[in-house]
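Q: Based on what follows, work out the 3D shape:
(2 chains)
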Number of protein chains: 2
Amino acid sequence: MTGKGESRAAPARPAPIAVDTMGGDHAPAEIIAGAVAAVRDHGVRLVLVGQAPRIRRELDRFGISGEIPIVHAEEALDMAEGALASRRKPRSSVAIACHLIKQGRASALVSAGSTAGVVATARLRLKGQQGVLRPAIAVTLPTRPRPTVLLDAGATADVKPETLVQFAALGTAYAQIRLGMERPSVGLLSIGAEPAKGDKVTRNAHELLANGRHGLHFAGNVEGHDLLEGVVDVVVTDGFTGNVALKTMEGTVRMALAEVREAMTGSRTAKLGSFLQRRQFTDLRDRLDSETYGGGVLLGLNGTVVIAHGASQARAVTSACRLAHELAAGRIIERTRDQIAATRTPSRFGRLMHVDRDPAETSPDRPVDRPAAERPAEERPHDTATTPPDGADIASGRGEPPAP
Amino acid sequence: MTGKGESRAAPARPAPIAVDTMGGDHAPAEIIAGAVAAVRDHGVRLVLVGQAPRIRRELDRFGISGEIPIVHAEEALDMAEGALASRRKPRSSVAIACHLIKQGRASALVSAGSTAGVVATARLRLKGQQGVLRPAIAVTLPTRPRPTVLLDAGATADVKPETLVQFAALGTAYAQIRLGMERPSVGLLSIGAEPAKGDKVTRNAHELLANGRHGLHFAGNVEGHDLLEGVVDVVVTDGFTGNVALKTMEGTVRMALAEVREAMTGSRTAKLGSFLQRRQFTDLRDRLDSETYGGGVLLGLNGTVVIAHGASQARAVTSACRLAHELAAGRIIERTRDQIAATRTPSRFGRLMHVDRDPAETSPDRPVDRPAAERPAEERPHDTATTPPDGADIASGRGEPPAP
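A: Presented below is the predicted three-dimensional model:
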């Protein structure tokens, strides 16, 4: 097994993208329709995972049975299903797709399933990349003139300062591929521009990021009102704050558009205009919705997972497949590995981050999905089987009591 | 001095409201104009604090010199000035106004000055209410049909679970007076409805709030997209997350209105309507801006501070004076004290919160404004001179190393 992680995405042509046909409000019909368009119109190589007879029936409708490989999976994660599904359903379409990535038969995964269920399954099955403390979900905010990458949008609620530095590295690698930028600028989400502003973790992360030894382009603190201003290319924060900020955006867009609509229909003169603008409003809301929450990419695992919005229709699925292909072709796994290796500067305490194993210090750094007591010992998110022995124990002690 | 805190606001007619005439982008002219309107049109009793000759000149213009008492203050906090101003300017108008409150000559303070400067000065001069771990800024979100109180909007970035329970108590007392509700519902801001969602502090706060022994009406977790939906009356979170959420709302409203404006002017048919709606948009933006960030009330100190928006014009100042009067008349200090006392249930560890003095545990609970190293030992936020000796040491060790 050793060394497999390194060679997995090395071939010139990456393995196909695994598509979870069972996840999402409109699965499997819209998922498969979107996948077919990705293959036909954009030349993306796919493998469809899910109930084979059903997938075949759908493909028949497009007249391309046999052209797209199918891998059968008996179970599916429910949309309402949370993190526990990762263990309850070891043969879910998401779990099987992860297995394909581990085997090198797929290079990334696309799913429109429940975010909590997909993240938990991917963490359990793919394990963390070597040296990565915690995974993060990157979302792309619809800023202008170019988008801003925000992470973490909810994978890791409790972080250490070093985790935020790693998120900066993951976000940089992601923005390089996604936005085509050589040296994306990184902002740290806080509550004031000054380094001394913020909570303790953020202040300490600022210190680590400001020392400049990590090779990242750190641009200082940004605030909530900067998120949609495009002032930096990547915004880094913990999964709790990031998730709250993202959902606050969603809610505020809805409220603002509702208020605008009311203001518009208030004056008689405006009614004609209002009628004509209704579709534009709906488009705007959909754009803000679909381009923000739900369209996330889980980074930091031994495999990339594109989490499409649960309400995705065919077009959104096609976009997700293209993004997954783009990330695999851009060698996101290798890029993030290199960035993470480059950020292994001595921590504030003069120790190397990756040898810091003091369990007392790492206790706040627990995963978001469920309390430690519920999680069996073998589910340690970073105890990877595919990393070499000298790297395997780097993060295995983090945030978890030792296995009995 | 003992007992003074208890009797301060007890008289049937509360002492006048101290108005900082020097703080704000439009100080002193608009501040004084707003204050005059509060006196004339709403019968609010005020005392104006600031440079006396200048105040007299402004009052002359309204022809009411001599009707409103003036207390001279030589210095003013700059709008750009941060927390350090609290020590650098012991004779600032805000510091003098706090002094009036301590002497019982004023019942509350209104300032449109720099939030960081006002908060730091008030913390230093007024000290924390007996038993209160940390102060919080409450803001009123423009939800419908009735507003929602969000706290903390930025006073205390690092909290303990017990601090969040106290914020729930402060917010309940505030909503009772401000919204006239007997038993306001309280939501805990998190990243999922389930109690196990969120970061460690929030999960533990959920546990404390859910045990029901505090007499509060706890309604469970709320998420970012619920903030503007009016699903609960009070939303509780730490000052870091609250500040990020609030500023994210601000930024999102601006972005959404800019997008809407662009969408509207995109079609020729819409141009007339767009012209007519421009004022409505500006009104809407102003309403969302002024009613959210900046219009905060600092709770948990031995005196109430209404922090008006820095850009406040006369009308906003009048509203702030009326709010301060309303809170003083509603005996906010006594109400919060009672609520805090009622929430002193044994903590998760079976200890009473107010005897928990382990310095190792309290280290993350540091004030937001500047690093501990910068703050002299005598500035311990809760080492109050007016509380009885058996209460005075309750919180004095919190978040600070012992005085050398």
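
Q: Reduced to three states, what does residue A:318 come out as?
A: Classification of residue A:318 by DSSP: H, G, I helix; E, B strand; the rest coil places it in helix.

Q: Pull the contacting residues for it.
A: Contact analysis of residue A:318 by C-beta atoms under 8 Å, 6 or more residues apart in numbering or on different chains lists A:34-35, A:37-38, A:41-42. Heads up, the C-betas are built off the backbone N, CA and C, glycines and all.

Q: Next: residue A:98.
A: Contacts for residue A:98 (C-beta under 8 Å, 6+ apart) come out as A:109, A:121-122, A:125-126, A:303.

Q: about what we covered before: pick the one among the contacts of residue A:318 closest to chain B.
A: Nearest to chain B among these is residue A:34, at 25.7 Å by C-beta to the nearest C-beta.

Q: nearest residue to the closest one other than its sequence neighbours?
A: Spatial nearest neighbour of residue A:34, excluding adjacent residues (C-beta to C-beta, 6 or more residues apart in numbering or on different chains): residue A:317 at 2.6 Å.

Q: Over to residue A:332?
A: residue A:304 (5.3 Å).

Q: can you map out the helices along the stretch 151-300 of chain A?
A: A:161-178, A:200-210, A:239-266, A:270-291 (DSSP state H, counting those that start in this stretch).

Q: looking at it, the residue nearest to residue A:332 is touching residue A:320, isn't it?
A: No. If you go by C-beta atoms under 8 Å, residue A:304 and residue A:320 don't touch, sitting 11.4 Å apart.

Q: Give me the three-state assignment for residue A:95.
A: Residue A:95 falls in the helix class when you classify it by three-state DSSP.

Q: Based on its surroundings, how many neighbours for it?
A: 22 (other C-beta atoms under 10 Å in any protein chain shown).

Q: So it sits against residue A:121, correct?
A: Yes. If you go by C-beta under 8 Å, residue A:95 and residue A:121 touch, sitting 5.4 Å apart.

Q: list residues touching both of these two?
A: Taking C-beta under 8 Å, 6+ apart as the criterion, residue A:95 and residue A:121 both touch A:86, A:89.

Q: just to revisit the earlier point, got a list of what the residue nearest to residue A:332 touches?
A: Residues near residue A:304 by C-beta under 8 Å, 6+ apart: A:107-109, A:297-298, A:324, A:327-328, A:332-333.

Q: returning to what we had before: which PyMOL command selects the buried ones in the contacts of residue A:318?
A: Filtering the contacts of residue A:318 down to the buried ones (16 or more other C-beta atoms under 10 Å in any protein chain shown) takes a single PyMOL command:
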select buried, chain A and resi 34+35+37+38
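
Q: and which of the contacts of residue A:318 is nearest residue B:20?
A: residue A:34 (59.1 Å; C-beta to C-beta).

Q: Tell me if that closest one really is in a strand.
A: No. Counting by three-state DSSP, residue A:34 is not part of a strand but helix.

Q: what residues go with each domain of chain A?
A: Per automatic domain parsing, the structural domains of chain A span A:1-132+A:300-330+A:371-404, A:138-296+A:333-370.

Q: Now tabulate the ones you listed in JSON lines and tack on mean pLDDT.
A: Shown next, in JSON lines, are the domains of chain A (pLDDT from 0 to 100):
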{"stretch": "domain A:1-132+A:300-330+A:371-404", "mean pLDDT": "79"}
{"stretch": "domain A:138-296+A:333-370", "mean pLDDT": "79"}
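
Q: quick one, strands of chain A?
A: Remark: strands assigned in chain A by DSSP state E are A:17-20, A:46-50, A:70-72, A:108-111, A:136-141, A:148-151, A:185-189, A:217-222, A:234-236, A:296-299, A:304-307.

Q: could you redo those strands as a markdown table and give each row distance to residue B:58?
A: Below are the strands of chain A laid out as a markdown table (distance: least, C-beta to C-beta, whole Å):
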| stretch | distance to residue B:58 |
| --- | --- |
| strand A:17-20 | 68 |
| strand A:46-50 | 73 |
| strand A:70-72 | 78 |
| strand A:108-111 | 65 |
| strand A:136-141 | 45 |
| strand A:148-151 | 45 |
| strand A:185-189 | 41 |
| strand A:217-222 | 38 |
| strand A:234-236 | 44 |
| strand A:296-299 | 55 |
| strand A:304-307 | 59 |
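
Q: out of those, nearest to residue B:200?
A: strand A:136-141 (17.6 Å).

Q: which strands and helices sit next to that closest one?
A: With contacts taken as 3 or more C-beta pairs under 8 Å, 6 or more residues apart in numbering or on different chains; DSSP states H and E, strand A:136-141 sits against strand A:148-151, helix A:161-178, helix A:239-266, strand A:296-299.

Q: Turn these into CSV, columns for distance to residue A:25.
A: CSV is the format used below for the helices and strands packed on strand A:136-141 (distance: least, C-beta to C-beta, whole Å):
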stretch, distance to residue A:25
strand A:148-151, 24
helix A:161-178, 25
helix A:239-266, 17
strand A:296-299, 17
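
Q: Single out the most deeply packed of these.
A: Mean neighbour count (mean count of other C-beta atoms under 10 Å in any protein chain shown) peaks for strand A:148-151 among these, with a mean of 28.

Q: what's the spacing between that strand and its chain's center?
A: How far strand A:148-151 lies from its chain's middle: 10 Å, per C-alpha atoms, centre = their mean, to the nearest Å.

Q: do the same with stretch A:108-128
A: 9 Å.

Q: Start and end of it, how far apart?
A: End-to-end distance for stretch A:108-128: 14 Å, by C-alpha to C-alpha, to the nearest Å.

Q: wait, which of the strands of chain A is closest to residue B:170?
A: Residue B:170 sits nearest to strand A:185-189 of all those, at 25.6 Å, using C-beta to C-beta.

Q: any residue of that closest one up close to chain B?
A: Yes. Using C-beta under 8 Å from any C-beta of the partner chain, strand A:185-189 reaches chain B at residue A:189.
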